[in-house]
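Engineer: mind looking at a prediction? Sequence and model below.
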Amino acid sequence: MALFPPRPSHQNAADMPLPAPSVPSPITTAATSATVTRDDLARVHELAERIRQHFTQGLVAQTKLRESLITTLVAGGHILIESVPGLAKTTAAQILATSVSGSFKRIQCTPDLMPSDLVGTQIFDFATQKMSTQIGPIHANFVLLDEINRSSAKTQSAMLEAMAEGATTIGGERIALPKPFMVIATQNPIEEEGTYNLPEAQMDRFFMKTVMTYPTEDDEISMLEMLTRRGTDQQNMAVSPTAITIADVEFLRASSRKVHVSQPIMKYAVELAQTSRGGGPRPIKGLSNLVRLGASPRASIALTRIGQANALLAGRDYVIPEDIKTFAHEVFRHRILLTFEALAENVNADQVIDSMIEAVPVP
């Protein structure tokens, strides 16, 4: 490909001005290269290890949750964490936020939480006799929406705008959210009083939904030992001295987007999504009796982005099928709506995803 546009045929080459010499950028990042270099991979490994090391100081076990959070961060998406109370959902979100030197806000969702409490509002300034904009807590790099299913539909619509468009609207004024922007939402699956189901459109905006389980006996003992040594049950909300910077996060995300995805891998991601909708190369018999709504094309997008991030964190500049399969359950779990027949037969979304992975041939 030509570096400069061709000269017009009617103009003499001697009359053409010489191109200005290129000046190298003082900052070398992945954005200056079309591919991920070895130096980039080494830097990614160093940054990821710093985040993982920060997790060991406040979270016992929960390796799957940790990797889901880090992978979603690198992929540039949002994550939903579901578990019963007391399994450190909020702690995990706080640890991720304090591992990066960005802004962090925690929002406790309640039925009376209003959109203005989330995005902000306009107030009258008596000194200037003008309206001024007061931005809300969602204008942060990392936002923890605790018990998101307790917020009303009106407030959830404000969350959807922020997650989908990276901006909020206050008094008719569109205000962009800071970059990077990541929502970490939690929900309790066992409480129904005072809760609202998340709309499908909002659920689709989460790259992943991870489900936490109870720790083993050894892990629970290790947790008590850590708390005893620390002397407090409260998580330190101060940013870690070894925290990575906002520029580091942008580097990780830019590098992730440059990881090579071959055509067969793309086809594999699409076929998994199609299979959830009753199609695909090997349709699952009787799936329509269990699934009333399959995954949208956003699932194949999320699979690809998560696959790129997982490959990058594994030290590769290309995606393999295992990168897609590793987080397939987290990507599809909240995008598959089951029928009443499936619920009556105790069939869950993970079982459907197992059938999908088994049915679709691996490239």
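Structural biologist: Happy to help now that I have it.
Engineer: low-confidence ranges, the stretch 1-150 of the chain, go.
Structural biologist: 1-33 (pLDDT under 70).
Engineer: run through the strands of it in chain order.
Structural biologist: Ranges of strands within the stretch 1-150 of the chain are 79-82, 104-108, 120-125, 130-135, 142-146, based on DSSP state E, counting those that start in this stretch.
Engineer: ok, longest helix in this structure?
Structural biologist: Ranked by residue count and defined by DSSP state H, the top helix of the chain is helix 38-56.
Engineer: residues making contact with that one?
Structural biologist: Identification of contacts with helix 38-56 by CB atoms under 8 Å, 6 or more residues apart in numbering yields 30, 33, 66, 70, 74, 92, 95-96, 98-100, 240, 242-244, 248, 251-252, 255, 312-313, 315-317. Just so you know, the C-beta spots here come from the backbone N, C-alpha and C atoms, and that holds for glycine as well.
Engineer: please identify the buried residues of stretch 284-302?
Structural biologist: Across stretch 284-302, burial judged by 16 or more other CB atoms under 10 Å covers 284, 287, 290-291, 294-296, 298-302.
Engineer: for stretch 142-153, same thing?
Structural biologist: 142-151.
Engineer: same question for stretch 157-164.
Structural biologist: The neighbour-count check on stretch 157-164 (16+ other CB under 10 Å) flags 158-163 as buried.
Engineer: present those residues as a markdown table; the columns should include pLDDT.
Structural biologist: As requested, the buried residues of stretch 157-164 are arranged in a markdown table below (pLDDT from 0 to 100):
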| residue | pLDDT |
| --- | --- |
| Ala158 | 86 |
| Met159 | 89 |
| Leu160 | 87 |
| Glu161 | 86 |
| Ala162 | 90 |
| Met163 | 90 |
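Engineer: contacting residues for the closest residue to Ile148 other than its chain neighbours?
Structural biologist: Take Ile148 and drop its neighbours on the chain: the residue closest to it by CB to CB, 6 or more residues apart in numbering is Ala185, 4.1 Å away. When contacts are counted by CB under 8 Å, 6+ apart, Ala185 is found next to 78-81, 144-145, 148, 206.
Engineer: and the angle for the helix or strand containing Ala185 with strand 104-108?
Structural biologist: For Ala185, the host element (DSSP states H and E) is strand 182-187. Per axes from the mean of the first three to the mean of the last three CA atoms, to 10 degrees, the angle that strand 182-187 makes with strand 104-108 is 30 degrees.
Engineer: 765 is where my numbering starts, stick with that
Structural biologist: With the count now opening at 765, the last piece we talked about shows up as strand 946-951.
Engineer: angle of strand 946-951 against strand 906-910?
Structural biologist: Strand 946-951 runs at 10 degrees relative to strand 906-910, counting by the same axes, to 10 degrees.
Engineer: strands paired with strand 946-951, and their directions?
Structural biologist: Paired neighbours of strand 946-951 in the sheet (DSSP bridges): strand 843-846 (parallel), strand 906-910 (parallel).
Engineer: now these in a markdown table, with distance to Ser1040?
Structural biologist: Converted to a markdown table, the strands paired with strand 946-951 look like this (distance: least, CB to CB, whole Å):
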| stretch | distance to Ser1040 |
| --- | --- |
| strand 843-846 | 18 |
| strand 906-910 | 26 |
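Engineer: quick one: closest of those strands to Glu981.
Structural biologist: strand 843-846 (22.9 Å; CB to CB).
Engineer: now what about the closest one, what contacts it?
Structural biologist: Here strand 843-846 makes contact (CB under 8 Å, 6+ apart) with 829, 832-833, 836, 853, 856-857, 912, 946-953, 967, 970-976, 1098.
Engineer: swap in 6 Å and give it another go.
Structural biologist: 836, 853, 948-951, 953, 970, 972-975 (CB atoms under 6 Å, 6 or more residues apart in numbering).
Engineer: farthest pair in these?
Structural biologist: Thr836 and Pro953 (19.8 Å).
Engineer: which one of these two has more residues nearby?
Structural biologist: Thr836 (27 against 11; other CB atoms under 10 Å).
Engineer: excluding chain neighbours, give the residue nearest to the more buried one in space.
Structural biologist: Leaving aside its chain neighbours, Thr836 sits nearest to Ile843 (4.4 Å; criterion: CB to CB, 6+ apart).
Engineer: residues near the one you found, how many?
Structural biologist: Ile843 has 25 neighbours, counted by other CB under 10 Å.
Engineer: and if you look at Gln1072?
Structural biologist: Gln1072 has 29 neighbouring residues, counting by other CB under 10 Å.
Engineer: list the contacts of whatever helix or strand it lives in.
Structural biologist: Assigned by DSSP H and E, Gln1072 belongs to helix 1061-1077. Residues from elsewhere that reach helix 1061-1077 (CB under 6 Å, 6+ apart): 808, 812, 835, 838-839, 968, 971, 1019-1020, 1023, 1025, 1033-1034, 1037, 1083, 1087-1088, 1090-1091, 1095, 1099.
Engineer: mind listing the helices for the stretch 815-964 of the chain?
Structural biologist: Using DSSP state H, counting those that start in this stretch, the helices assigned to the stretch 815-964 of the chain run over residues 827-839, 853-862, 879-883, 917-929, 964-967.
Engineer: any idea of the pLDDT on Ala917?
Structural biologist: Ala917 carries a pLDDT value of 84.
Engineer: distance of the closest residue to it other than its chain neighbours from Asp910?
Structural biologist: Closest residue to Ala917 apart from its sequence neighbours, by CB to CB, 6+ apart: Tyr960 at 6.2 Å. According to CB to CB, to the nearest Å, Tyr960 stands 15 Å off from Asp910.
Engineer: could you dump the buried residues of stretch 921-928 to CSV with distance to Ala1108?
Structural biologist: Formatted as CSV, these follow (distance: CB to CB, whole Å):
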residue, distance to Ala1108
Ala922, 36
Met923, 32
Leu924, 31
Glu925, 36
Ala926, 37
Met927, 33
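Engineer: thanks a lot, see you next time.
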